[in-house]
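[1] this one's structure only:
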């Protein structure tokens, strides 16, 4: 377990540092005490120790600032907390939660199923029907246990997850088209839209000009709201996506893609 979770004092140092960073340079110890649930005297003691350790520097009465060393320590602790949270949500709770999948063949409640991702949706294939058991799970695959019956193409509940679905993330291409003040898209713009959309699994539009360009190109987008987020989600499910964006909206799209960690290129 990470230090800030294993040690109560380290956890409180972390919280106090975060509160100082959020409020600096004018720091109210009373406000920090209310935020972290200890007395003002305790906060004063923590701040004194943080100053002695070089993680916080004082600039006068009730004026403090987190040092470079303090920022590094806080970032390291935050990274450890995030990794632990990911472990809990993905490895621990992920094995006990119930999820939904599309049955590729009839499934009965209690059967072991192999999980795969197809067209961006989780699918479940019965393994009990061919004599395979949960202990026979091939490397690089994921399995679960059906919690409901389902016919072919129906939705089946799945729990007791083991393993990881072998999935190659998709890529996102952002195609720019002119803003309205620059004039209508020319044939080269429309040709670029058609070419990109022809091989994409998902096409989304960002901006009115992008919707217009797609219509002129004869392409129907899946939608024109939160295009960057939609494309990033599609890529995380193994689908290749195209976002047609007006020049004014490209930054908003790429910000969303970067935040999601999706691979993308702008053309």
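    Cool, got the structure. Model, not experiment: these values are computed from the prediction.
[2] switch to C-alpha atoms for all contacts and neighbour counts from now on
    OK.
[3] what about the helices in the stretch 1-150 of the chain?
    Taking DSSP state H, counting those that start in this stretch as the test, the helices found in the stretch 1-150 of the chain are 3-6, 8-23, 29-36, 40-52, 68-86.
[4] how about residues contacting the fourth one?
    Helix 40-52 is contacted by residues 13, 16, 29, 30, 32, 33, 56, 57, 58 when judged by Cα atoms under 8 Å, 6 or more residues apart in numbering.
[5] thought residue 55 was touching residue 66?
    Yes - if you go by Cα atoms under 8 Å, residue 55 and residue 66 touch, sitting 6.0 Å apart.
[6] who's more crowded, the two?
    A side-by-side neighbour count of residue 55 and residue 66, using other Cα atoms under 10 Å, places residue 66 first with 23 against 20.
[7] and the contacts of helix 40-52, which are buried?
    Among the contacts of helix 40-52, those scoring as buried are 13, 16, 29, 32, 33, 56, 57 (criterion: 16 or more other Cα atoms under 10 Å).
[8] can you lay out these as CSV showing distance to residue 170 and pLDDT?
    Formatted as CSV, those follow (distance: Cα to Cα, whole Å; pLDDT from 0 to 100):
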residue, distance to residue 170, pLDDT
13, 41, 89
16, 41, 92
29, 48, 89
32, 44, 91
33, 46, 92
56, 43, 93
57, 46, 93
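[9] which one is residue 10 nearest to, not counting chain neighbours?
    Leaving aside its chain neighbours, residue 10 sits nearest to residue 4 (4.9 Å; criterion: Cα to Cα, 6 or more residues apart in numbering).
[10] mind checking the SS state of residue 166?
    Secondary structure for residue 166, judged by DSSP: H, G, I helix; E, B strand; the rest coil, is coil.
[11] now it: how far from residue 237?
    11 Å (Cα to Cα, to the nearest Å).
[12] so those two - more neighbours on which side?
    residue 237 (19 against 14).
[13] fine by me, thanks again.
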